[in-house]
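Give me a model of this one.
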Amino acid sequence: MSELNIDITDIPGLLVLHLPLHGDNRGWFKENWQREKMIALGLPDFRPVQNNMSHNTRAGVTRGMHAEPWDKLISVATGRILGAWVDLRDGDSLGTVVTIEMGPETAVFVPRGVANGYQALEDGTTYTYLVNDHWSAEAKKSYTFVNLADPVLGINWPISLNDAELSEADRNHPPLSEVTPIRQPRTVVLGSNGQLGQALRPLLPDAEFTTRATLDLSDQASLDGFDWDNVSTIINAAAYTAVDAAEDAANRVQVWATNVSGVAHLTHIAAARRATLVHISSDYVFDGTKPRHTEDERVSPLSVYGITKAAADEIVASYPHHYLLRTSWVVGEGSNFVDTMASLARRGINPHVVSDQYGRLTFARDLAAAIVYVLETDVPFGTYNLSNEGPAQSWFDIATEIFTLLGARGTVIPTSTAEWGKDKNLAPRPTYSTLDLSRIEAAGFTPQDATVRLREYLGLTA
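This next block holds a predicted model:
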């Protein structure tokens, strides 16, 4: 008895599964779809929702070539077939053809955008397939067809198509030269003008980066009106992040609309399209009483901003196919603490800086790299803390380090949170914001040390 294993093919994403048949004098048994085992071997978790079967009365029945708007896992219950597939997706593999003779011991995973066809080689062949969306007349409008007799494809059908049983429609599909290529799966990034969005741009050159003008997270009509067709990954780098302004009653409707209602609707959109959702969370979901926070710590936000981020975390976590990256003290292109302190240092100004809040900087380039890493390496879905490595520091410690590295004439003066916030309408901050990085590092991603990144950010040699 063979072991379950999976082979790749010349068509990206088209996978051949070799299925163990457990046989005896009564016949055989097989696990045609076994999610846990197959995903562990590299099959996408494509979440099938419908099972279809096609019985073919005699050898020579030929069907195809159809590319439907879903993924499918095809196999044979009885008999044998020649399966044939052609890639209709825009890109280097457009027009690539794969053929396989298969019986009950074989299954093939067919990604969306790859046309599928087959010819029954025995009388009474029964063909079966799982799909991850429901058939509908509306969905059929999105089918793409290619003629299975097109000589450009070069499919060597064992039984001549002149003698085969075909539907009139299948005989008259267009040749490959007349087919409009199917758009590749899309990645959409919300909040592209922020520090993280800008850091993601060079790492995801083919992604679609949106601004609030093109896709407003706080506006349901904007979300619903966006073209979500064939979106496979949504990265939400957008949020209302003005922590102190969020405390103002006049702003709370907007804060909630962006950080909670918008995230809820975005999660619904991701689920409807079976897209992976990446969402950025914050250390502000904690009250900061523990010196280090793990992903499993229960949230206890202190501020309006923290409450909205915690609420969004619960919403995103309800959708299985998510990555929730919780981060702290982000530094990237745009206004940030490091730039402010560096400017003061260079001008010889002596700033008062809070010395009783502790955490670690997160450079946007490392946060962006972590997002790409989890997406490209199929890290298990869930919540991951992400900051730079190194010891916990106070804001005062970091400011002092900046002044020292720049050889500043000025001096950083320590102050307490209470003193700093006196007579200011500031949101309460966690005392301790240090995030435990064990989970992301166990997944194979280790962020750079914060001091190394700080020197680089300041334009200093390592």
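
Sheet partners, orientation included, of the one helix or strand Ser54 maps to?
Element membership for Ser54, per DSSP states H and E: strand 50-56. Strand 50-56 sits in its sheet next to strand 125-131 (antiparallel), going by DSSP bridges.

quick one, strands of the stretch 351-462 of the chain?
352-354, 358-359, 362-363, 382-385, 393-394, 413-415 (DSSP state E, counting those that start in this stretch).

Now tell me what touches the second one from outside.
Spelled out, that is strand 358-359. Residues from elsewhere that reach strand 358-359, judged by Cβ atoms under 8 Å, 6 or more residues apart in numbering: 283, 291, 328-329, 387, 392-394, 430-435. For glycine as for every other residue, the C-beta is placed from the backbone atoms N, C-alpha and C.

7 Å instead?
Strand 358-359 is touched from outside by Asp283, Ser328, Trp329, Ala392, Gln393, Ser394, Thr431, Tyr432, Ser433, Thr434, with contacts defined as Cβ atoms under 7 Å, 6 or more residues apart in numbering.

Turn the residues you listed into TSV, including pLDDT and neighbour count.
What follows is the contacts of strand 358-359, written out as TSV (pLDDT from 0 to 100; neighbours: other Cβ atoms under 10 Å):
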residue	pLDDT	neighbour count
Asp283	95	24
Ser328	95	22
Trp329	93	24
Ala392	95	16
Gln393	95	20
Ser394	95	17
Thr431	94	18
Tyr432	94	19
Ser433	95	23
Thr434	96	23
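
would you turn the residues you listed into a markdown table with distance to Ala237?
Shown next, in a markdown table, are these (distance: Cβ to Cβ, whole Å):
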| residue | distance to Ala237 |
| --- | --- |
| Asp283 | 17 |
| Ser328 | 15 |
| Trp329 | 16 |
| Ala392 | 25 |
| Gln393 | 25 |
| Ser394 | 27 |
| Thr431 | 27 |
| Tyr432 | 25 |
| Ser433 | 20 |
| Thr434 | 23 |
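
Nearest to Thr340 among those residues?
Using Cβ to Cβ, Trp329 comes nearest to Thr340 of those, at 12.9 Å.

who are the neighbours in contact with the closest one?
Here Trp329 is in contact with Gly359, Arg360, Leu361, Thr362, Ser433 (Cβ under 7 Å, 6+ apart).

Okay, it and Glu36: tell me how far apart.
Relative to Glu36, Trp329 is positioned 38 Å away (Cβ to Cβ, to the nearest Å).

Go ahead and flag the most central residue of the protein.
By Cα atoms, centre = their mean, the mean C-alpha position of the chain lies nearest to Thr276, the distance being 3.7 Å.

so who does the residue lying closest to that one once chain neighbours are set aside touch?
Take Thr276 and drop its neighbours on the chain: the residue closest to it by Cβ to Cβ, 6 or more residues apart in numbering is Thr233, 4.8 Å away. Contacts of Thr233 were listed using Cβ under 7 Å, 6+ apart, and they are Thr187, Ala275, Thr276, Leu375.

In strands, which of the residues you listed appear?
Mapping those onto strands (DSSP state E) picks out Thr187, Thr276.

Reformat the contacts of Thr233 as TSV; add pLDDT and distance to Leu196.
Formatted as TSV, those follow (pLDDT from 0 to 100; distance: Cβ to Cβ, whole Å):
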residue	pLDDT	distance to Leu196
Thr187	95	14
Ala275	91	19
Thr276	93	17
Leu375	94	14
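
Closest to Phe145 out of the contacts of Thr233?
Each of the contacts of Thr233 was scored against Phe145 by Cβ to Cβ, and Ala275 proved nearest at 25.6 Å.

mind checking the SS state of the nearest residue to Tyr284 once chain neighbours are set aside?
Spatial nearest neighbour of Tyr284, chain neighbours left out: Gly306 (3.7 Å); criterion: Cβ to Cβ, 6+ apart. Look at Gly306: counting by DSSP: H, G, I helix; E, B strand; the rest coil, its state is helix.

so Gly306 touches Val285, yeah?
Yes - judged on Cβ atoms under 7 Å, Gly306 makes contact with Val285 at a distance of 5.7 Å.

Measure how buried Ala120 is and give me the count.
27 (other Cβ atoms under 10 Å).

so what's it closest to, chain neighbours aside?
Asn56 (3.9 Å).

Burial check on that neighbour, number of neighbours?
Residues near Asn56, counting by other Cβ under 10 Å, number 23.

Repeat that for Asn172.
For Asn172, using other Cβ under 10 Å, the count is 10.

got it, and the one 5 residues further on?
Residues contacting Ser177 under the criterion other Cβ under 10 Å number 9.
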